[in-house]
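Q: kindly return the folded structure for what I paste below:
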Amino acid sequence: MEKLAMNEFRRQVGEYVNQTYYAGKAFVLTKGEKRVAALLPVAMLDRLKELEAFYARTIAESQQAVITSTEGETTSK
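A: Okay, the predicted model is just below:
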């Protein structure tokens, strides 16, 4: 991802939105050296949401497996 100063982004917001939409470029918006936001294609955002949901399901399944395993140990003792 390319770094982009906030003041430059403000000056040419339409240009950077077009680059994001048409060329699929992603930008990290900065104030000084601090990263403050990101501009990314919607397809990338959708993929991040899918990964987030997958991660949440994986954690939930893992926790359920631990609970089931623990319950099995307590009933067999």
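
Q: let me see the ranges of the helices in this structure.
A: Secondary structure of the chain (DSSP state H): helices at 6-11, 13-23, 42-76.

Q: for those helices, please prepare TSV with the additional fields mean neighbour count, mean pLDDT and distance to Gly32.
A: Bear in mind the C-beta positions are built from the backbone N, C-alpha and C, glycine included. Listed next are these as TSV, based on neighbours: other C-beta atoms under 10 Å; pLDDT from 0 to 100; distance: least, C-beta to C-beta, whole Å:
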stretch	mean neighbour count	mean pLDDT	distance to Gly32
helix 6-11	12	97	9
helix 13-23	12	98	19
helix 42-76	10	83	25
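
Q: in a markdown table: those helices, plus distance to Val36.
A: Shown next, in a markdown table, are the helices of the chain (distance: least, C-beta to C-beta, whole Å):
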| stretch | distance to Val36 |
| --- | --- |
| helix 6-11 | 7 |
| helix 13-23 | 14 |
| helix 42-76 | 17 |
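
Q: out of those helices, the one nearest Lys34 is which?
A: Closest to Lys34 of the helices of the chain, according to C-beta to C-beta: helix 6-11, at 9.7 Å.

Q: counting by contacts, list what the closest one packs against.
A: strand 27-31 (3 or more C-beta pairs under 8 Å, 6 or more residues apart in numbering; DSSP states H and E).

Q: got the angle between the strand it packs on and helix 13-23?
A: Relative orientation of strand 27-31 and helix 13-23, computed by axes from the mean of the first three to the mean of the last three C-alpha atoms, to 10 degrees: 150 degrees.

Q: list the contacts of the residue nearest the centre of the chain.
A: Centroid-nearest residue in the chain, with C-alpha atoms, centre = their mean: Leu48, separated by 4.5 Å. Applying C-beta atoms under 8 Å, 6 or more residues apart in numbering, we find Leu48 in contact with no residue.
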